[in-house]
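In: any chance you can model this:
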Amino acid sequence: MIPSANERRPALTRQIWIPLLFAPLLLGACERKPEGQVVAVVNGDEITQGEVAEELKGANLPQGADQAVVRQAAVQSLVQRRLLAAAARDDGVAKDPAFLVQRKQLEERLLVQFLAQRAVRTMARPDPGEVNAYIAANPGAFADRVIWTVNRLRFAAPKDQGLMKAIEGEHSVDAIVARLRGAGISFNQDVSRLDSAGLKADAYAKIASLPAGEPFVQHQNGLVSVGAVVGKEPVPVTGDAARNVATDRLVSQRVNTRLESRLKTLKAAAKIEYQKGFGPPAGATAKP
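Out: Next up is the predicted model:
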């Protein structure tokens, strides 16, 4: 026998009232309080001590700074950023195509950074012999480190290989400028500083051996950089400072080697398709 509408109403009523009776309890359970690891709550969104620690990480605080004041300032910075980020979401910024692209890029960079940090934690530290050998093999980064003042030109690599060969054979920046102007090639010229610590040993040795004003040429990604040393400042790194730098560099090299090896394996197993004109040049090996 099918029950009438009146007979069914009590069951429907029970189904409606049960959620309503529990709703206040559920709302109370969702309330957050600034206590323990939670230092602040912004419209229900927690700010934790861990976030404050990250905010302060890398801050160059003066000696004797009041830690409580610094911590309070960090919390306020997080609160303000949280409020403005929420406002941005309300205004639809989070759906902006440019934002979505940059968010993806930032996330990928951060993931790779943490992957490298994990490799560092699991890697054996170089022994003293390796460190000393590295220092001896890279004098430009240590005892013979120098900061050069460089008269520099930058321009797109000319298609005429004969012109490029002629440029590489010149013995002054002025002569190269004359060739570029004669060929109608635009260039930028400025005076910059070059730290020998950032160069590989062979590049350092080449530049250090050149007479004053003699140009050196570097190629990278279709661009040419011509430089000539017009001044230098010795800034040697020795003792414990040198050993610390060498240790960090050796660890970094090992991490890069490990990641490059893994990347090679990943590429071999991956299916990668390029639109015409966007893939690596024919016969070239794309660097990680």
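In: which ones are touching E108?
Out: If a contact means C-beta atoms under 8 Å, 6 or more residues apart in numbering, then E108 has no contacts. Glycine gets a C-beta too; all of them are placed from N, C-alpha and C.
In: sec struct for V217, please.
Out: For V217, the assignment made with DSSP: H, G, I helix; E, B strand; the rest coil gives strand.
In: show me where pLDDT drops low in the stretch 151-288 of the chain?
Out: 283-288 (pLDDT under 70).
In: what about the helices in it?
Out: 161-168, 173-182, 201-209, 239-269 (DSSP state H, counting those that start in this stretch).
In: name the residues of the third one that are buried.
Out: Which is helix 201-209. Buried residues in helix 201-209, counted by 16 or more other C-beta atoms under 10 Å: Y204, I207, A208.
In: looking at the helices of the stretch 151-288 of the chain, which is nearest to D90?
Out: helix 239-269 (39.2 Å; C-beta to C-beta).
In: what segments of the stretch 101-250 of the chain are strands?
Out: Applying DSSP state E, counting those that start in this stretch to the stretch 101-250 of the chain gives strands spanning 146-156, 188-195, 216-220, 223-234.
In: how far away from the center of its chain is the second one?
Out: Just to be clear, that refers to strand 188-195. 23 Å (C-alpha atoms, centre = their mean, to the nearest Å).
In: for it, packing partners?
Out: Identification of packing neighbours for strand 188-195 by 3 or more C-beta pairs under 8 Å, 6 or more residues apart in numbering; DSSP states H and E yields strand 146-156.
In: other SSEs contacting the strand it packs on?
Out: helix 173-182, strand 188-195, strand 223-234.
In: could I get those as TSV with distance to M164?
Out: Shown next, in TSV, are the helices and strands packed on strand 146-156 (distance: least, C-beta to C-beta, whole Å):
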stretch	distance to M164
helix 173-182	10
strand 188-195	18
strand 223-234	8
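In: go through the ones you listed and name the closest to N138.
Out: Per C-beta to C-beta, nearest to N138 of these: strand 188-195, 12.9 Å.
In: check which residues of that closest one are buried.
Out: Neighbour count says strand 188-195 has L194 buried, by 16+ other C-beta under 10 Å.
In: ok, now stretch 222-231?
Out: Buried residues in stretch 222-231, counted by 16+ other C-beta under 10 Å: V224, S225, V226, G227, A228, V229.
In: stretch 75-89 now?
Out: Under 16+ other C-beta under 10 Å, the buried positions of stretch 75-89 are V75, L78, V79, R82.
In: so which strand or helix has the last one?
Out: With elements delineated by DSSP states H and E, R82 resides in helix 67-90, which encompasses its position.
In: any idea how far that helix is from the middle of the chain?
Out: Centre to centre, stretch against its chain (C-alpha atoms, centre = their mean), the figure for helix 67-90 is 24 Å.
In: the chain should start at 59 in everything you say after this.
Out: OK, 59 is where the count begins now, so the last one is helix 125-148.
In: which residues are in contact with that helix?
Out: With C-beta under 8 Å, 6+ apart as the criterion, helix 125-148 contacts 97-98, 100-101, 103, 105, 109-110, 113-114, 117, 119, 152.
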